[in-house]
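Q: Sequence and predicted structure below; questions after.
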Amino acid sequence: MSASVNARNTTHNDRRNERRTSATLTKPRVSSSRAEARLRPGIPDDNLSHDSINSDGKLRPSSGSYRGGTSVAHSYTERLTERHKVTTNESVQLTSRSPLKSYGSSEGNAGIERPLRAPMPIPAASNRRERPAQPPWEPQANLVSHTSAPLASRVSIPPSSTLIPKSLEPHPLGALSPDEQESAILEDLLFVLMGFEGQYIRFSSKYNANEEKDRLAGPSYKVLPGLDPSLRDLTNSVLKMATYYNAVEAFVEVQSRYEFGAINHALCASVRKILKDYLVFIAQLEHQYLSNENFTLHLLHMHTVPTTQKLFQLHTLAQELLKKNSLLDVGLDDSADEYDDDDILEQLREGGELAPGGMSKKLCKGGNVLRLLTERLSLMSGDPTARTLLQTLLRDASRPYMHMLNEWLHHGAIKDPHAEFLIKEQKSIKREKLEDDYTDEYWEKRYTIRDNEVPPQLEGVKDKVLLAGKYLNVVRECGGVDISKEVKDVPLSFDDPQFLDNVNGAYAHANSSLLSLLVTTHALPARLRSMKHYFFLDRSDFFTYFLDLSASELRKPAKAVNVSKLQSLLDLVLRQPGTVAAQDAFKEDVKVQMNEVGLTKFLMGVVNVRGIDQDAPDETMERYQTPAPQSATEEDSKMTGFEALEFKFSVPFPLSLVISIKTVLRYQILFRYLLSLRHLEGLLVNTWEDHHKVLSWIHKGADPKLERWKRRVWTLRARMLVFVQHFTYYCTAEVIEPNWQTLMTRVNGCETNNADGSKSANRTVDELMEDHVDFLDTCLKECMLMNPRLLKTHSKLMITIQMFANYTVQTLTKVLFTADQSLAGSPAALDYLGTQYSARHGVPDQYKAYDPARLAKVDDLLAKYEINFNRHLKIFLDMLDYYAATETVALSRLCAQLSTASEKRDERTFLG
C-alpha cells in the first residue's frame, strides 16, 4: 500500500511542478494530508497552512481565487519547487507502483483543454501528532508460477491495506471539508476502479484476495468513517462497477485455462477487448479529473452508469458459468452428475486408469456455453445495450465452434482437442473390427451426438450434421475427399444468413457422394443379387449339385464334418461351366462354415432377448402351448451337417456398412431355414422313390390289412410333402421375392439423372441401410421365425416329418418284408436286404422269417406318427388364423394353402 501511495504522490507532484512552471498560474489544488505526512518531513510547521497567498504577500483562505502579482507568484513558485525537490529525493528510494497502462484514443470531452485542477491544501502540522520513527515498510512483488492460462497475470497479489503501518495511515475524513473529501474520494475511485485499494476505500474484512472464490465473486468495499452521507451514497453506487470489473477480470483468468476449451477461450478473448475499452474509459475519467475543475463525484457517477450496466451483464454471465463449473458455491443437487460416465468408459477402453485426478469432471464448455449465451440473449432481447453486448460475445465465442463444424461438414474429420463439439468420436472403435462387429458399433457408435451439449442453433439439424460427417468420413477413408483442400466461403458464426444453407448443402453433397460410391463404384445392387443366389437359393442348380456331392459328409454329426472338404466341393461347383454361379464376379467371397447352435435354439434365444413375445396371445391360445424342447446339449450333439451348414459372405469396406455382419446374420438364418425345408423335401422325395421302387412297397399281397396300412403310409407321406412344399413356396415366392423386388426398386431409385447428365440422390444412405434391414426383418417375421409360439409348433412339425422320413427309409421298408407272408424269406427279398447290409455281417435273422405280429407293431407306430402330425398341424393352423387376424395378414394365404394337408381331405387327393 505504501509503495502505491508513494508512487502516486511522486507522479502527482511531477504533474504539479509542470503546471506551476507554466506561464499562466491557475487556482491551486487542495492537497491531501496523507501526502503531507510523507512528502514534507523537513518543512517547518509555519509553512503548512490551509491558506493561500494573496496579492499583499499575506495568507488567506484557499476558497478565494488567486489574484497576486508576478513577484509574489515567483516567490510562491520557488517555495513549491524546493518542496518538490525534497519530495523527489525521498520518493526515489521507495518501491514504485505497477507501470502506467497505455490508453487508447479518448472519447467525449477527453480532448478539450480545460483549466488545471488546483492542488488540495496540506493540513497544518498542529493538527497532527508527532509519531515515533518506524522502520520503512517495503512490500515486494513476486512472480507466481505458470498456469494453463497463457495470458493470466503472474504478478503476486498486493498486500492488504490491513497490513499498512499506522504511520502511513491517511488523515481522517472527518477532519476534511466536503470539497476536500470529494477530491480525495475521486482520486481513490480512479484507483479502485482499476482493481486497487485506495486511501479511504478499501476491501471489506470478509474479502480475501488470496482465495480464488472470493476473487471470482468480486470484492466488497468499505469506506473509512467520516465521509459525508451524500458522497457515501454516490461512492457506493460507483463501487458496484469496481466489484463487477474485479470479478470479470478474475473470471477471464480462470476460464482461459486449457481445460475449459476453445469456446471459453474465445469468450474470454472477447471479454478482454471489453475490459481494455473499460481501462481506456478510466483513463478518460482521470483526464477529466486532472483537467476539469468542475469534475465532481456526481459527474463521475453519471459517466459510469452505462459502463456499469455493461459490466453487470458480463458479471451475471460470468457467475452463471462459474456456478456450472463448480467454481462457486452451488447446491448439492448440482453435484450429482459430477463425472461423465461415457468419458470414463472411453478412458477404460483406451487403457486408462480411474485415478481421482484422471476422471473427467463435467465442465460447462462447448455447446453449453453457446446455449447459455443464446438463452441470455433471448432473455435480454428487450435491452438494446445488453442485446448488442451478448450478440458480440456469441459471435466471437462461436467462431472456433464453427471452425470445427465446417471441418466436420466438409472434410469428415473432427478436430476437437477439448471434447466440446456436438459430435463425439469413439476412437476405440476402428474399421478393422467390422468383420467381428455383430452390433454395427462402427456405424452406430463410432460417431454419436452429445445430446446435452448441442447449441440451440443446431438443435433442429443435429441429425443432418451427424450424418453429413459420417458419410463424408466414409468417403474420405476411401480416398474420395481431399482433406488438404481449404474450405472457403463458409459461415464463421451462427448469425451468418447462410448458416443453415451450409449445413443442408454439406449434407446433400456427402449423401450423394457416399451413395455414388456404394451404388456405382462398388456395385451394391450386384452384391445384393449375388447374396440372393447363395442365401435364398433362387437359382439353385449349383446348390443341388453341391448337396448331392456333399450328402455323405453332411449326414455326419456337425462336429465331425470336414469343413475344408465342403469348401473344396463348393469351389468345384461354383466353377462348373454352365452354372449361374460360374459367371458371378463375387463367388470368391462365399465360404462354408458350420454353426454349433441349432436354428430353433438360436432363434428362441434371439426373440426372448428382444422381448418380441410381449404381445402374446390371450388365454385362449394357452392350450396350444407345446412342451419344452430337449436340453441344449442333446440337441447340439444330435445336430447333423445339414442342420449346421451355413454360408459366410465377405464384403469389403465401405459395402460392409450396408451389408454388415449384422445383416449377414439375418441372411444366414433365412438360409438355414430354407435349407431345412429343402432337406426335408429331399427326404420325403427319397421316401416317395422307395415307395415306387422297392419290392416290399410295390408288391400287392393277399392281406387287405397290409394294403390299407400301406395306403395310410403313402397318404401321410404325401400330406407331409404337401406341407413342406407349400411352406417352401410361401417363404420363397410370397415372402422373399416380393420384398426383394421392393428393396431393389428402392436401391436402384436412389439416384436420378439430371438434365445436365449428372446424378443426384433422392434418398439417404441411412434410409438405404434401413430399407435393407427392414427387408430382412420383414422376411423373418412373415416366415414366422420371430414368433416364439409359431416357431415352437413349426419346429415340432419339422421334427415329426424328419423322423418319419428317416424311419421309413431306414427301417420300415425292411420290416415290411417280414409283415408280408408272400415276401418273407423269398429270394427277391433276401437280394434287396443283402444290398442294405455288408457281406461280412449279413442279413439279420429277424428280417428273414415271417412275423405275424409285426404288422400290429408297425400299425401302432404309424398311428403315433399320424396323431402327432395331425395334432401339431391343427394347432399350427389355428395359430396361423389367430396371428393372421391380429398381426401379419400374409399368414392367411399360407393358412389356406396348408389346409390341403389336413386330415379332413380325402386321401384320394394325395394319392391321385
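A: Arrived safely. Numbers count the residues shown, from 1 in each chain.

Q: what's the closest non-adjacent residue to residue 469?
A: Distance criterion C-beta to C-beta, 6 or more residues apart in numbering; nearest residue to residue 469, sequence neighbours excluded, is residue 408 at 4.2 Å. Every residue, glycine included, has its C-beta placed from N, CA and C.

Q: What's the first helix or strand after the host helix or strand of that neighbour?
A: Element membership for residue 408 (DSSP states H and E) is helix 399-411. Tracing the chain past helix 399-411, the next element assigned as helix or strand by DSSP H and E is strand 423-425.

Q: Tell me which strands that next one pairs with, and in which orientation.
A: If you go by DSSP bridges, strand 423-425 pairs up with strand 447-449 (antiparallel).

Q: how far out from the middle of the chain is the strand it pairs with?
A: Averaging C-alpha positions (C-alpha atoms, centre = their mean, to the nearest Å) puts strand 447-449 4 Å from its chain's average.

Q: Touching it from outside, list them.
A: Outside of strand 447-449, the residues within contact range by C-beta atoms under 8 Å, 6 or more residues apart in numbering are 422, 423, 424, 425, 426, 462, 463, 466, 469, 470, 473.

Q: low-scoring pLDDT stretches of the stretch 751-900 of the chain, where are they?
A: Along the stretch 751-900 of the chain, segments meeting pLDDT under 70 span 751-761, 821-825, 828-849.

Q: Helices of that one, residue ranges please.
A: Assigned by DSSP state H, counting those that start in this stretch, the helices in the stretch 751-900 of the chain fall at 765-782, 788-807, 813-819, 827-836, 854-886, 891-898.

Q: The stretch 551-700 of the chain: helices as residue ranges?
A: Taking DSSP H, counting those that start in this stretch to define them, one finds helices in the stretch 551-700 of the chain at 551-554, 563-574, 599-610, 632-638, 641-644, 655-658, 661-693, 695-698.

Q: out of those helices, which comes closest to residue 253?
A: Residue 253 lies closest, by C-beta to C-beta, to one member of the helices of the stretch 551-700 of the chain: helix 655-658, at 47.2 Å.

Q: Where does residue 532 sit, in terms of helix or strand?
A: Residue-wise, residue 532 maps onto helix 524-535 under DSSP H and E.

Q: Please point out which parts of that helix sit buried.
A: Under the neighbour-count criterion of 16 or more other C-beta atoms under 10 Å, helix 524-535 has 524, 527, 528, 530, 531, 532, 533, 534, 535 buried.

Q: Then stretch 788-799?
A: For stretch 788-799, a neighbour-count test (16+ other C-beta under 10 Å) marks 788, 789, 790, 791, 792, 793, 794, 795, 796, 797, 798 as buried.

Q: Could you dump these into TSV with distance to residue 516 added?
A: What follows is these, written out as TSV (distance: C-beta to C-beta, whole Å):
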residue	distance to residue 516
788	42
789	45
790	42
791	41
792	46
793	47
794	43
795	45
796	50
797	48
798	45
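
Q: measure stretch 411-429 end to end?
A: Distance between the two ends of stretch 411-429: 20 Å, counting by C-alpha to C-alpha, to the nearest Å.

Q: got a pLDDT number for residue 408?
A: Taken from the predicted model, the pLDDT recorded for residue 408 is 89.

Q: same question, residue 728
A: Note on residue 728: pLDDT of 92.

Q: Kindly report the same for residue 700.
A: We have a pLDDT of 80 for residue 700.

Q: ends of stretch 516-524, how far apart?
A: Counting by C-alpha to C-alpha, the length from the leading to the trailing residue of stretch 516-524 is 10 Å.

Q: Quick one: distance of it to the chain centre.
A: From the chain centre to the centre of stretch 516-524 is a distance of 29 Å (C-alpha atoms, centre = their mean).

Q: for stretch 513-529, same thing?
A: Between the centre of stretch 513-529 and the centre of its chain there are 29 Å (C-alpha atoms, centre = their mean).

Q: which stretches of this structure have low pLDDT?
A: In the prediction, the chain carries residues with pLDDT under 70 at positions 1-134, 329-362, 432-441, 480-487, 609-637, 750-761, 821-825, 828-849, 903-912.

Q: Residue 763: neighbouring residues, count only.
A: Using other C-beta atoms under 10 Å, the number of residues around residue 763 comes to 16.

Q: And for residue 552?
A: With other C-beta under 10 Å as criterion, residue 552 counts 9.

Q: cool, and the one 5 residues further on?
A: By the criterion of other C-beta under 10 Å, residue 557 has 14 neighbours.

Q: still on that earlier bit, using a markdown table, lay out the helices of the stretch 751-900 of the chain together with distance to residue 578.
A: Compiled in a markdown table, the helices of the stretch 751-900 of the chain are given as follows (distance: least, C-beta to C-beta, whole Å):
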| stretch | distance to residue 578 |
| --- | --- |
| helix 765-782 | 30 |
| helix 788-807 | 31 |
| helix 813-819 | 36 |
| helix 827-836 | 34 |
| helix 854-886 | 40 |
| helix 891-898 | 34 |
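
Q: if you compare the ones you listed, which one is most tucked away?
A: Of all the helices of the stretch 751-900 of the chain, helix 813-819 carries the top mean neighbour count, a mean of 23, counting by mean count of other C-beta atoms under 10 Å.

Q: With just CA atoms, put that helix into PDB.
A: Output for helix 813-819, consisting of C-alpha atoms alone and laid out as PDB, is shown next (Å, rounded to 0.1, in the frame of the first residue of the first chain):
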ATOM      1  CA  THR A 813     -39.000-100.800 -45.700                       C
ATOM      2  CA  LYS A 814     -37.100-103.700 -44.200                       C
ATOM      3  CA  VAL A 815     -39.800-104.500 -41.600                       C
ATOM      4  CA  LEU A 816     -42.400-104.700 -44.400                       C
ATOM      5  CA  PHE A 817     -40.800-107.800 -45.800                       C
ATOM      6  CA  THR A 818     -41.400-109.700 -42.600                       C
ATOM      7  CA  ALA A 819     -45.000-108.400 -42.400                       C
END
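
Q: That helix packs against which elements?
A: With contacts defined as 3 or more C-beta pairs under 8 Å, 6 or more residues apart in numbering; DSSP states H and E, helix 813-819 has these neighbours: helix 695-698, helix 827-836, helix 854-886.

Q: just so I know, which of the ones you listed lies nearest residue 820?
A: Shortest separation from residue 820 across the helices and strands packed on helix 813-819 is recorded for helix 695-698, at 6.7 Å, computed as C-beta to C-beta.

Q: any idea how far the closest one is from the chain center?
A: Its chain's average C-alpha position is 73 Å from that of helix 695-698, according to C-alpha atoms, centre = their mean.

Q: Just want the angle from the helix or strand following that helix to helix 854-886.
A: Using DSSP H and E, the helix or strand that follows helix 695-698 towards the C-terminus is helix 704-729. Angle of helix 704-729 versus helix 854-886, following axes from the mean of the first three to the mean of the last three C-alpha atoms, to 10 degrees, is 30 degrees.

Q: Okay, buried residues for helix 704-729 please.
A: 706, 709-710, 712-728.

Q: How about stretch 660-679?
A: Judged by neighbour count using 16+ other C-beta under 10 Å, the buried positions of stretch 660-679 are 660-664, 666-679.
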